[in-house]
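In: structure, please.
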Amino acid sequence: MGRAELGAEPGERATLVQFSSAFCQPCRATRRILAEVAAMVEGVAHIEIDAEDHLALVRDLGVRKTPTVLVLDAGGRIVRRAAGMPRKADVIAALGAAV
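Out: From the prediction side, this is the model:
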């Protein structure tokens with residue numbers, strides 16, 4: 001998955017992709033957690049995608065609820081996937097599989 005699908009430049013080492021919706025309360029907390037982790041690890045980007053505005057991508061990836069977080073490696077391959085608000089420690093551990 002690259003810039004065309006994500007709508008933004010992926011990270012050099014890994015990318016945290018968050019699917020959100022406008023009225024999703026856990027999405028706000030997830031945004032904060034992922035932004036903190038991306039800031040901590042060099043070469044990691046956090047990209048948030050509005051699920052309602054990207055329905056074809058949501059269908060292609062089988063996203064069923066928000067927030068859904070995908071961890072992509074440097075090649076754009078999905079190495080981890082989680083639905084619901086993640087814990088910061090789990091995000092950091094998932095990045096270990098990508099970098």
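In: looking at residue 98 now. What's its pLDDT?
Out: Looking at residue 98, its pLDDT is 82.
In: does it touch residue 76 like I think?
Out: No: counting by CB atoms under 8 Å, residue 98 does not reach residue 76; the two are 10.5 Å apart. The way it works is simple: take the backbone N, C-alpha and C, and place the C-beta from them, glycine included.
In: the more surrounded of the two?
Out: residue 98 (21 against 14; other CB atoms under 10 Å).
In: for the longest helix anywhere in the chain, packing partners?
Out: Counting residues, the longest helix found in the chain (DSSP state H) is helix 25-40. Helix 25-40 sits against strand 14-20, strand 44-50, helix 88-98, with contacts defined as 3 or more CB pairs under 8 Å, 6 or more residues apart in numbering; DSSP states H and E.
In: most remote residue from the protein's center?
Out: residue 23 (17.9 Å; CA atoms, centre = their mean).
In: that one and residue 64: what is the separation?
Out: From residue 23 across to residue 64, the span is 17 Å (CB to CB, to the nearest Å).
In: over to residue 96?
Out: To residue 64, residue 96 is 26 Å away according to CB to CB.
In: one more: residue 98?
Out: Counting by CB to CB, the gap from residue 98 to residue 64 is 22 Å.
In: can you pull the contacts of the residue nearest the centre of the chain?
Out: Central residue of the chain (CA atoms, centre = their mean): residue 17, 1.8 Å from the mean position. Counting by CB atoms under 8 Å, 6 or more residues apart in numbering, residue 17 touches 1, 6, 47, 49, 69-72.
In: cool, and residue 67?
Out: Applying CB under 8 Å, 6+ apart to residue 67 gives the contacts 18-20, 24, 26-27, 30, 83-85.
In: next: residue 65.
Out: 83-84.
In: where does it land in three-state SS?
Out: Three-state call for residue 65 (DSSP: H, G, I helix; E, B strand; the rest coil): coil.
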